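Q: return atomic coordinates for the entry below.
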Amino acid sequence: MTGEILQAGKVLKVGQRLEVFLDNREERLSSRIEDIKGDELIVAMPFDDKRVPVIPMQGESLYAQAAAGSSRYRFFTTFRGTAQEGNLPVWRLEFPATCEKFQDRAFVRVKVNMYVKVRFVDEEGCIAEPVLTPVVDLSGNGICFAWPKPVKVGTQVGLEINEIPDVGPLEIMSQVVRCTPVQRGDDDYVYQVGASFQHLSRNIANKIVHYVFTVQREIIAKGIGKD
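A: Got it, this is the predicted structure:
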């Protein structure tokens, strides 16, 4: 099930291959879990495409993906430092509390309390004035927002989002991929417009996924508290 949150201790095992992404680098780095020691995950030090070892700053956050059978999992963690396992240089990472199960190219959407400035682009390339509207949900590769009338799928739209932590003002072109009417009363409809981000850098995508993952964990924690 995509979006399922699991305890990392039940998912991460010695010998698993990892794909690692750092906020300040576009490429994915290959690694492997070498050991698990208490609250630390020991992974092989990755090398870049020039065979230079990659060493993050102490305390830097990173995003990783691991495979277990036919399933894939992702998690966020913090770089603690380097070490040596025999002849192998390794990273010491904070062992994550949870992992999220996901499918390739699948991004979990969560409901968020924020607004987005929307500027539609017509077929002649003219850009409309910005309109502030509520966000319905957000994912690592797109957004859904409320709109008072239907929007044609394929329409280009410029978006300005200012409320995602650690991202800052984000202006990005997107494309409408769905438009769903929602009835609020007799002959009263609002439209939920889903748009896919275009040309989003890995750095920004990682930060959005991190935020979505954090919101999702908070929602789950509130549910557990109520039980």
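Q: name the nearest residue to I204, ignoring sequence neighbours.
A: V167 (6.3 Å; CB to CB, 6 or more residues apart in numbering). For glycine as for every other residue, the C-beta is placed from the backbone atoms N, C-alpha and C.
Q: is it true that that neighbour lies in a strand?
A: No - per DSSP: H, G, I helix; E, B strand; the rest coil, V167 lies outside any strand segment and is coil.
Q: give the residue farthest from the middle of this structure.
A: In the chain, counting by CA atoms, centre = their mean, D186 sits farthest out from the average C-alpha position, at 37.7 Å.
Q: hmm, back to that, wait, the residue nearest to I204 sits on K207?
A: Yes - with contact defined as CB atoms under 8 Å, V167 counts as touching K207 (5.1 Å).
Q: neighbour-wise, which of those two wins?
A: K207 (21 against 15; other CB atoms under 10 Å).
Q: surely the more buried one meets D166?
A: Yes - look at K207 against D166 with CB under 8 Å: they come within range, at 5.3 Å.
Q: give me the residue ranges of this structure where confidence is low.
A: Within the chain, the stretches with pLDDT under 70 are 1-3, 23-26, 103-108, 217, 219-227.
Q: nearest residue to the middle of it?
A: In the chain, the residue lying closest to the centroid (CA atoms, centre = their mean) is V209, at 1.4 Å.
Q: hang on, that residue is in a strand, isn't it?
A: No - under the criterion used here (three-state DSSP), V209 is helix, not part of a strand.
Q: which residue sits closest to it, ignoring its sequence neighbours?
A: Counting by CB to CB, 6+ apart, the residue nearest V209 is G140, at 3.9 Å.
Q: I figured that neighbour hits Y211, correct?
A: No - look at G140 against Y211 with CB under 8 Å: they stay out of range, at 9.1 Å.
Q: higher neighbour count, these two?
A: Each of G140 and Y211 has its neighbours counted (other CB under 10 Å); G140 has more, 22 against 19.
Q: relative to R17, how far out is the more buried one?
A: Relative to R17, G140 is positioned 21 Å away (CB to CB, to the nearest Å).
Q: next one: stretch 43-56 to chain centre, how far?
A: Between the mean C-alpha location of stretch 43-56 and the chain-wide mean there is a distance of 23 Å, by CA atoms, centre = their mean, to the nearest Å.
Q: for A8, give me its contacts.
A: Shown in contact with A8 (CB atoms under 8 Å, 6 or more residues apart in numbering): F75, F95, P96, A97, T98, C99.
Q: what are the phi and psi angles of it?
A: phi -60, psi -30 (degrees, to the nearest 10).
Q: measure it to A64 for me?
A: A8 is 11 Å from A64, by CB to CB.
Q: who touches both of those two?
A: With CB under 8 Å, 6+ apart as the test, A8 and A64 both reach F75.
Q: got phi/psi on the residue nearest to I204?
A: phi -100, psi -40.
Q: state the distance from it to N113.
A: Here V167 is placed at a distance of 16 Å from N113 (CB to CB).
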